[in-house]
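Colleague: prediction below, plus the sequence it came from.
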Amino acid sequence: MAFEIDHDWQGNLATPRARIGESAKNQLLIILCAVWICIGLVGHGPWKPSESPTISIVKTMLDGGSLLAPIAISETTLENPPLYYLSAAGMAKLLTPALPMHDAARLVSGLWMALTLLLAGMIGRELWGLGVGRQTTFIFMSSLGLIVTAHLLTPEVSALTGATMGFYALALAKRRPFRASVLLGTGIGISFLSTGLASAGILLVTALLLPILFKPWRSWSYAIVLGLSAIAATPWLAIWPALCWHYMPGVFSAWWKIEISSFNHLSHAYFLRTLAWYAWPALPIACWGLWRYRTKLLLKPKLQLILTFFIAGLAIIGLGTTTSEVYALPLLLPLAALASGSVETLKRGAAGALNWFGLILFGIMGFLIWLGWIAFISGWPAKLSERMHILSGLPHAHFNWALFAIALLVTLIWLVTINAKRSNRAAVTEWAVGITMAWSLLMTIWLPMVDSAKSYDSVMLSLKQAMPEHYACINSRNLGDTQQDLLYYYTDLRTQPLEIVQRLDCDLYLIQDERGREKIDPGHDWKLIWQGKRPADRRESFRLYQHI
């Protein structure tokens, strides 16, 4: 099972000799990761649909709600275990009121992602040797499907951290079995306490399949890893279920039945199609790696690990989750790991094509973002400016010097990077810089427009101001889950949906209208006291009535 280790430092932990430029490369990696992680975490409201249930749960926890069973206002059953919500609530408690609650809570995603990127780099270094860890991190953070989710308030972020930790533990199992045992058990526990059985199952199935399928993994040292990791995972897997079962048996039983019964999907084709764009640039390089190492795939332990993790992940995700892109995140790990070990073997023409594709892709994205912002600010081109105002819902443009300076700086850095020396490794570095540049532009100069189009703060705060001073309760009709969660977050209002209570006996009545749906008339004994909608929304609107 021994990996191909051709450098002495892994065997005896001796400090390797510094190579020319290593310090500068590490500094570039740290700076780029810091920019990639930090930009986009603060400065905007909760966005639907991913962030609305989480911020509802965080507010409920801070208001004295249950810490064991985090249930959003719009939900009646437990959806996920509490680890991510507890960490977000703790961060919000620490940083509020210095930051708005949603911004403070969202910072915890940055901490989880920082740990994830560190572990991803350690996977590459462990599997392929010194220097490859940087390339693994660059390829992983370049993934088109990762950048948005990594900056959202959603438990899939911490689940990805757990999966990455477990992957690294399996890569480390031969060289450091005791350390690997703790990391594997902890990774399984973090995954389970973040999103439940599916994410933890990927690590568990991978760890068990390796010795069943491949002889190099049938050793006493790996048996020790499995045994000790089971001990390390036990507190994570037992304490919360035991407490939840003791204090809230009905809630836990309902959650457990839903978890078990959820493994009845056949969504594998959907996730394979999703990876066709979701996993760039790792996917084409990993495909080349499959061909390059085709004779060694079933012989080398590191390739066995990568292949088994991907197949187990695809099988479990396809069976146990609904069709949502966010569930494909763990599949990025084996693709990035294989790609990082294959990028140096790319033919010069293939590496050049990958580099030019990234250059053209992010160049076009950067140009369009700058053009849209210039049109929004200056009014030229007039047609584009009109369209930007319609899509954002903002009547007036506001120039922010700080955001403009950040956007200009990251653009200049990208321009300098693309003129650097060409090489296979430089190609993936430029992808990482390019996606960081595009995301930074969106989260700086475009942030007011994007937030206006996606957040609910204006309409919810307007509704709060229109509320009468005295009322008993409020019924609602056709109010979506996102709208219920954000209504509670912004206004502290909890409605009694007619779809559930089946009676209209409150003195306030909130109706959500949808374009194409027949408008509801509550009757003559109801007086319209408020109506509103999001500035850029042409599909939904709200009406509030008071009983006469």
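Modeller: Now that the structure is in, tell me what you want to look at.
Colleague: how about residue 505, secondary structure?
Modeller: Following DSSP: H, G, I helix; E, B strand; the rest coil, residue 505 is assigned to coil.
Colleague: residue contacts, the closest residue to it other than its chain neighbours?
Modeller: Residue nearest to residue 505 in three dimensions, not counting chain neighbours: residue 475, with 7.6 Å by Cβ to Cβ, 6 or more residues apart in numbering. In this view, the C-beta of every residue, glycine as well, is placed from N, C-alpha and C. Residue 475 sits next to 495, 496, 497, 498, 501, 504, 505, 506, 508, 509, 510 when contact means Cβ atoms under 8 Å, 6 or more residues apart in numbering.
Colleague: reformat the residues you listed as TSV; add distance to residue 42 and secondary structure.
Modeller: Listed next are the contacts of residue 475 as TSV, based on distance: Cβ to Cβ, whole Å; DSSP: H, G, I helix; E, B strand; the rest coil:
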residue	distance to residue 42	secondary structure
495	29	coil
496	34	strand
497	32	strand
498	37	helix
501	38	helix
504	41	coil
505	42	coil
506	37	coil
508	34	strand
509	36	strand
510	30	strand
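Colleague: ok, the residue nearest the centre of the chain - contacts?
Modeller: Closest to where the C-alpha atoms of the chain average out (Cα atoms, centre = their mean) is residue 149, at 2.9 Å. For residue 149, the contact set (Cβ under 8 Å, 6+ apart) comprises 50, 156, 157, 326, 329.
Colleague: circling back to that earlier point, partner residues bridging the residue nearest to residue 505?
Modeller: residue 496, residue 509 (DSSP bridges).
Colleague: any idea how far it is from residue 211?
Modeller: 59 Å (Cβ to Cβ, to the nearest Å).
Colleague: just the helices in the stretch 401-548 of the chain please.
Modeller: 401-418, 424-442, 447-454, 457-466, 481-491, 498-501 (DSSP state H, counting those that start in this stretch).
Colleague: kindly report the same for the stretch 101-250 of the chain.
Modeller: 101-128, 132-141, 156-172, 177-195, 197-213, 220-247, 249-261.
Colleague: nearest spatial neighbour of residue 433, chain-adjacent residues omitted?
Modeller: Sequence neighbours aside, residue 417 is the residue nearest to residue 433 in space, at 4.7 Å (criterion: Cβ to Cβ, 6+ apart).
Colleague: rewinding a little: return the item of the contacts of residue 149 having minimum pLDDT.
Modeller: On pLDDT alone, residue 50 ranks lowest of the contacts of residue 149, at 86.
Colleague: for this structure, what are the low-confidence residue spans?
Modeller: 1-22, 24, 420-422 (pLDDT under 70).
Colleague: go through it and flag its longest helix.
Modeller: helix 348-378 (DSSP state H).
Colleague: residue 523: neighbouring residues, count only.
Modeller: Counted with other Cβ atoms under 10 Å, residues neighbouring residue 523 total 11.
Colleague: please begin residue numbering at 54 from this point
Modeller: Sure thing, new numbering starts at 54, so read that last one as residue 576.
Colleague: that one and residue 601, how far apart?
Modeller: 10 Å.
Colleague: returning to what we had before: can you redo the helices of the stretch 454-601 of the chain as TSV with mean neighbour count and distance to residue 271?
Modeller: Converted to TSV, the helices of the stretch 454-601 of the chain look like this (neighbours: other Cβ atoms under 10 Å; distance: least, Cβ to Cβ, whole Å):
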stretch	mean neighbour count	distance to residue 271
helix 454-471	16	46
helix 477-495	24	35
helix 500-507	18	52
helix 510-519	16	58
helix 534-544	23	48
helix 551-554	13	55
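Colleague: am I right that residue 98 is in a helix?
Modeller: No: using three-state DSSP, the assignment for residue 98 is coil, not a helix.
Colleague: that one contacts residue 510, doesn't it?
Modeller: Yes: counting by Cβ atoms under 8 Å, residue 510 is a contact partner of residue 98 at 4.7 Å.
Colleague: surely residue 142 meets residue 109?
Modeller: No: with contact defined as Cβ under 8 Å, residue 142 does not reach residue 109; the gap is 11.5 Å.
Colleague: who are the neighbours in contact with residue 378?
Modeller: By Cβ under 8 Å, 6+ apart, residue 378 lies in contact with 198, 327, 331.
Colleague: once you drop chain neighbours, what's closest to the first one?
Modeller: Nearest non-adjacent residue to residue 198, counting by Cβ to Cβ, 6+ apart: residue 331, 3.4 Å away.
Colleague: how near is that neighbour to residue 306?
Modeller: 35 Å.
Colleague: the more surrounded of the two?
Modeller: Set residue 331 next to residue 306 and count neighbours by other Cβ under 10 Å: residue 331 wins out with 20 against 13.
Colleague: follow-up on the earlier one: wait, what's in contact with the residue nearest to residue 198?
Modeller: Contact analysis of residue 331 by Cβ under 8 Å, 6+ apart lists 196, 197, 198, 378, 381, 385.
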